[in-house]
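Peer 1: structure, please.
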Amino acid sequence: MEILIIRHGESEADLLEVHEGRADFPLTELGETQARKMAAAVAKEYPPEMILSSTLRRVGTARILQEAIGCELKFYDDLREFNNGVLAGMSRKEAAIKHPLPEGGRPVHIPIQDGESALDLRFWAERILRQILHDYQSYQRIAIVSHDKMISNLINAFLKLPIGDVVFPTGDTGIHLLEIREDMRVVRFMNRLDHLS
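Peer 2: As a prediction, the model looks like this:
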């Protein structure tokens, strides 16, 4: 089984320089262009049989991919981005003043005000990944369209890495290809962005 994990394109929050998280901003014009380029590359090289997506608006990226592939698209709340509580939609400058990170960073078990902790996010990633691997085990290749922090946690869960130790950054419409071969888990490539060239 192969799993393509894809990040959405640029959103309006990127231009506004605000914390996104659960704040629900749509794609920009550039984000839609990025998504079309990604979709063309995926359709040519790694077409999935099923697309699973977050429910937030910026994953209009998933609909663009579905149009290019023609397969079924399903939405899952559990593929949404990290619940960043009070920071959602707040400017980065204002957040740095009102809600500065503690020295050394926030411990993984302590949530942001009105949000969730890094430990909570990892739990959601573990749960949805296990559900996907179970429910779609008969598929040869599926695609997951999600968000930066969720994607990093999905990859950590896939590789069975410790919580909070490894981060896998993903650029706009970055593509990761993971594979399960019998009892082995393989990363074929990470954060592929050559479709934007």
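
Peer 1: sheet-wise, list the partners of the longest strand seen in the chain with their directions.
Peer 2: Selection of the longest strand in the chain by residue count, based on DSSP state E, yields strand 184-192. Here strand 184-192 has these sheet partners by DSSP bridges: strand 175-181 (antiparallel).

Peer 1: in the partner strand, what's buried?
Peer 2: 175-178 (16 or more other Cβ atoms under 10 Å). The C-beta positions use only the backbone N, C-alpha and C, and glycine is treated the same way.

Peer 1: what does stretch 116-125 give?
Peer 2: Neighbour counts over stretch 116-125 (16+ other Cβ under 10 Å) mark 116-118, 121-122, 124-125 as buried.

Peer 1: next, format those residues as CSV and append distance to R22, secondary structure and pLDDT.
Peer 2: As requested, the buried residues of stretch 116-125 are exported to CSV (distance: Cβ to Cβ, whole Å; DSSP: H, G, I helix; E, B strand; the rest coil; pLDDT from 0 to 100):
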residue, distance to R22, secondary structure, pLDDT
E116, 10, coil, 94
S117, 14, coil, 93
A118, 15, helix, 92
L121, 11, helix, 94
R122, 17, helix, 95
W124, 12, helix, 94
A125, 15, helix, 97
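
Peer 1: which residues in this structure form helices?
Peer 2: 12-16, 29-45, 60-69, 92-98, 118-135, 148-158 (DSSP state H).

Peer 1: show me what counts as buried in the helix or strand of the chain with the lowest mean pLDDT.
Peer 2: Every helix and strand of the chain was ranked by mean pLDDT, DSSP states H and E. The lowest is helix 12-16, at a mean of 86. For helix 12-16, burial by neighbour count (16+ other Cβ under 10 Å) applies to 12-14.

Peer 1: repeat for stretch 51-64
Peer 2: Of all the residues in stretch 51-64, those buried under the rule 16+ other Cβ under 10 Å are 51-54, 56, 58-62, 64.

Peer 1: next one: stretch 101-118
Peer 2: So, applying 16+ other Cβ under 10 Å, buried residues of stretch 101-118: 111-112, 115-118.

Peer 1: Provide a list of residues in contact with the nearest residue to G31 once chain neighbours are set aside.
Peer 2: With Cβ to Cβ, 6 or more residues apart in numbering as the criterion, G31 has its nearest non-adjacent residue at 3.2 Å, and that residue is G9. By Cβ atoms under 8 Å, 6 or more residues apart in numbering, the residues touching G9 are 27-28, 30-35, 38, 58, 61, 172-173.
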